[in-house]
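Engineer: No sequence on hand, only this structure:
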């Protein structure tokens, strides 16, 4: 075959592949899409996913099916998606666990390479709160008190490696203070002990703590996010005292790695369209969530930075999962 004939074959093949890709994009979705939630039903991840699935079903003309695959702190469901075909029909609603699990468990997948970020759908602050008997009115007071009484102040955490736990460890490391951490199996038990004065400090979700703060059973010192929370505007951020401190509990939609860019872009646009709806915004706001919609590249940057940060925090704290 002459060089010119070879060139014509290459050009024709490229055109055929491009045409096939364009046709596939136009026909997508041709069947129902599954979003795997790697946690049990009724939790924050499940709530956000089902809210979006309903709206995306309406706009995409295909059923968006939510499938709960709980187990091993999200690893079972995540592995299922990591090993699925990169065709846009099996997706994962993940959380910060995507960036903390690599440093706590031996994983059957790579948290960065085996997933294609689509968007952060929603995020929420943690709230730093103390029992009213503790003579600390703000983060500066708490740090000073902890330095006066090293190891004597007890901070409650809901599960090793969970956002509440890591928020406390980050505070200890950045403020250079010694707090004694007590692990609980759930947020309910930790908040009951905190309200009863058996432990003095905790980080937990704003929706979970806000009612106790409003009734005076707890004192709010700060929120963990980069800006003040709209539901508690008078409460400062931790970063106002410790610049650079930021912990957000995020919920992000990802696809299997190697999913075509065109499909990622389409899915991002559909999620963003759903998040822009007034009823969706209202439901997220009422549940204490901040609406997302970040670009795929920005979400990828969050994952990369969180992997680096949580590796450092977890290793320095010597956190081990039982």
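Structural biologist: Structure received. On a predicted model such as this, the values are computed, not experimentally measured, just so you know.
Engineer: pretty sure residue 125 contacts residue 225?
Structural biologist: Yes: counting by CB atoms under 8 Å, residue 225 is a contact partner of residue 125 at 4.2 Å. (Each C-beta comes from the backbone N, C-alpha and C, glycine too.)
Engineer: what touches both of these two?
Structural biologist: Residues within reach of residue 125 and of residue 225 at once, by CB atoms under 8 Å, 6 or more residues apart in numbering, are 248, 290.
Engineer: Next, the buried residues of stretch 229-249.
Structural biologist: Within stretch 229-249, the residues that qualify as buried are 229, 231-232, 235-239, 241-242, 245-249, counting by 16 or more other CB atoms under 10 Å.
Engineer: Same check on stretch 101-120?
Structural biologist: 101-104, 107, 109, 111, 114-120.
Engineer: how long is it end to end?
Structural biologist: 18 Å (CA to CA, to the nearest Å).
Engineer: What segments of the chain are strands?
Structural biologist: 33-37, 64-68, 90-95, 115-130, 154-158, 180-184, 201-205, 219-223, 248-256, 290-291 (DSSP state E).
Engineer: same for the shortest one, what does it pack against?
Structural biologist: Yep, that's strand 290-291 we're talking about. strand 115-130, helix 278-286 (3 or more CB pairs under 8 Å, 6 or more residues apart in numbering; DSSP states H and E).
Engineer: ok, now how distant is residue 214 from residue 108?
Structural biologist: 44 Å (CB to CB, to the nearest Å).
Engineer: before we move on, what about residue 78?
Structural biologist: 9 Å.
Engineer: just to revisit the earlier point, could you export the buried residues of stretch 101-120 to TSV, including columns for pLDDT and distance to residue 40?
Structural biologist: Listed next are those as TSV, based on pLDDT from 0 to 100; distance: CB to CB, whole Å:
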residue	pLDDT	distance to residue 40
101	97	17
102	97	22
103	97	24
104	96	19
107	97	20
109	98	21
111	97	21
114	98	23
115	98	21
116	98	25
117	98	24
118	98	23
119	98	23
120	98	22
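Engineer: Break the protein into its domains for me.
Structural biologist: The chain breaks down into these domains under automatic domain parsing: 31-123+248-317, 125-240.
Engineer: Run the chain-centre distance for the longest one.
Structural biologist: Averaging C-alpha coordinates over domain 31-123+248-317 and over its chain gives two centres that are 8 Å apart (CA atoms, centre = their mean, to the nearest Å).
Engineer: Ends of it, what's the gap?
Structural biologist: 46 Å.
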